[in-house]
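Asker: using only what follows, build the 3D model:
(one chain, ligands or ions: 1)
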Amino acid sequence: MGDLSGKVAVITGAGRGLGREEAIQLAQQGARVVINDIDLPDAKAAAEATVEEIRGFGGEAIAVYGDCADSGDAENLMKTTLDTFGDLNIMINNAGFCRDKTIFGMSDDEFDSVVRVHLRGHFVNMRNATAYWREKAKSGEEVYGRLISTSSEAAFYGSAGQPNYAAAKAGIIAMTMGAAQLMIKYGITANVIMPRALTDMTASGGTAEMFAPPEDGSFHKFDPVNVAPLVGYLASPEAAKISGEVMIVWGNQVQIAQRPTLHEPFINPKGEVKWDVADLHSTLANHYDENYMPVWGGFSVPPV
Ligand SMILES: NC(=O)c1ccc[n+]([C@@H]2O[C@H](COP(=O)([O-])OP(=O)(O)OC[C@H]3O[C@@H](n4cnc5c(N)ncnc54)[C@H](O)[C@@H]3O)[C@@H](O)[C@H]2O)c1
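Answerer: As a prediction, the model looks like this:
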């Protein structure tokens, strides 16, 4: 069950946090793994340590450094993967960082850099992986492909202090759904996880206290290790029928997001195509009087 022997997986941002646990999980399931992280001393040391840990239990791993959102670095990641292991089967987009600010205080750079690392980071690696699989399928070869994207509950509910991050994470869902639709004919799946975990990203800021380990040393539901098995499952042959799904995952729970549902449409009571403002008001005010929906005021657990 979950056997990934012979499969090759790339995980971006896998030196630390969730990516690290996901890489270890896939290697434990038998995959040969490519650990990507940014070309900076701390990140490289962390990526090296992940590689060593995997080799320590007899797994196969290499590290490839580079910016997940840079086309040249992403091409190098793909090329090194194929040169080293001869194939690519599982592309896990995970890397990213936060620059939290409210929308009125956010600079262009804080917006652009976060959208870039998450959304463009997913884009360039999904493009390279899907192009490779498509070419392979067209030449008659058998293809095994799994795309796993990393979003956040901030994409569903917004996040008042993270407009850049919430927007990027929402874009990742839309992009992954499109990839799922496009690649289903090749038997390739694309899914999205929304994790919650105590990592460097969440250790400071508003969520730190909530994610802190229990003082009595009991089961730590926000240990990133709890997220990794779902990634291992979605990457596996057993999950072949699961595609275009979004799943919240933390602790001992996995929650499937229901696909968006729409209210019954309101039809212009005058029978004309174009509404006027007065009719819209009487129709919608009636509805909202009965279904008052205050703006979402926060999370039972804050999003990250
Ligand atoms: N921790 C949570 O609760 C949580 C919740 C929702 C979503 N996420 C998402 O999960 C993913 C992993 O987050 P984490 O909590 O493990 O954070 P983390 O900070 O522990 O790990 C992120 C990793 O990405 C790497 N990275 C950053 N920029 C990079 C770049 N340009 N190229 C390559 N690597 C880069 C970092 O060096 C680091 O190793 C992120 O996409 C994050 O948004 C996390």
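Asker: please make it C-alpha for all contacts and neighbour counts, starting now.
Answerer: Fine.
Asker: just the CA coordinates of stretch 96-106, formatted as PDB?
Answerer: This file holds the C-alpha atoms of stretch 96-106, laid out as PDB (Å, rounded to 0.1, in the frame of the first residue of the first chain):
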ATOM      1  CA  GLY A  96       7.200  29.800   0.100                       C
ATOM      2  CA  PHE A  97       7.400  32.600   2.600                       C
ATOM      3  CA  CYS A  98       5.200  35.200   4.100                       C
ATOM      4  CA  ARG A  99       5.400  39.000   4.300                       C
ATOM      5  CA  ASP A 100       2.400  39.800   6.400                       C
ATOM      6  CA  LYS A 101       0.800  43.300   6.400                       C
ATOM      7  CA  THR A 102      -2.700  44.700   6.200                       C
ATOM      8  CA  ILE A 103      -3.700  45.800   2.700                       C
ATOM      9  CA  PHE A 104      -3.400  49.500   3.500                       C
ATOM     10  CA  GLY A 105       0.200  49.100   4.700                       C
ATOM     11  CA  MET A 106       1.500  46.700   2.100                       C
END
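Asker: wondering if it reaches the ligand at all.
Answerer: Yes - part of stretch 96-106 sits near the ligand under the criterion C-alpha under 6 Å from any ligand atom, namely 96-97.
Asker: now that stretch: buried residues?
Answerer: Buried residues in stretch 96-106, defined by neighbour count with 16 or more other C-alpha atoms under 10 Å: 96, 98-101, 106.
Asker: between these, which is closest to M194?
Answerer: Proximity of the buried residues of stretch 96-106 to M194 (C-alpha to C-alpha) peaks at G96, which lies at 13.6 Å.
Asker: now do the contacts for that closest one.
Answerer: Shown in contact with G96 (C-alpha atoms under 8 Å, 6 or more residues apart in numbering): 13, 114, 117-118.
Asker: angles on the backbone of it, please.
Answerer: phi 170, psi 170 (degrees, to the nearest 10).
Asker: start the count at 891, not 1, going forward
Answerer: OK, 891 is where the count begins now, so the last one is G986.
Asker: separation between it and S895?
Answerer: Using C-alpha to C-alpha, to the nearest Å, we find G986 at a distance of 28 Å from S895.
Asker: and if you look at R1086?
Answerer: Counting by C-alpha to C-alpha, the gap from R1086 to S895 is 28 Å.
Asker: so which of those two has more stuff around it?
Answerer: Higher neighbour count among R1086 and S895: R1086, with 25 against 13, using other C-alpha atoms under 10 Å.
Asker: could you measure the more buried one against the ligand, distance?
Answerer: Look at R1086 and the ligand: by C-alpha to the nearest ligand atom, to the nearest Å, they are 3 Å apart.
Asker: my read: that residue touches M1137, true?
Answerer: No - under the criterion of C-alpha atoms under 8 Å, R1086 is not in contact with M1137, lying 11.2 Å apart.
Asker: widest-spaced pair of the contacts of G986?
Answerer: G903 and V1004 (14.2 Å).
Asker: in the stretch 991-1140 of the chain, which spans are helices?
Answerer: Ranges of helices in the stretch 991-1140 of the chain, per DSSP state H, counting those that start in this stretch, are 998-1005, 1011-1028, 1044-1047, 1053-1073, 1090-1093, 1098-1101, 1118-1124.
Asker: the ligand is nearest to which of these?
Answerer: Closest to the ligand of these is helix 1090-1093 (C-alpha to the nearest ligand atom; 4.1 Å).
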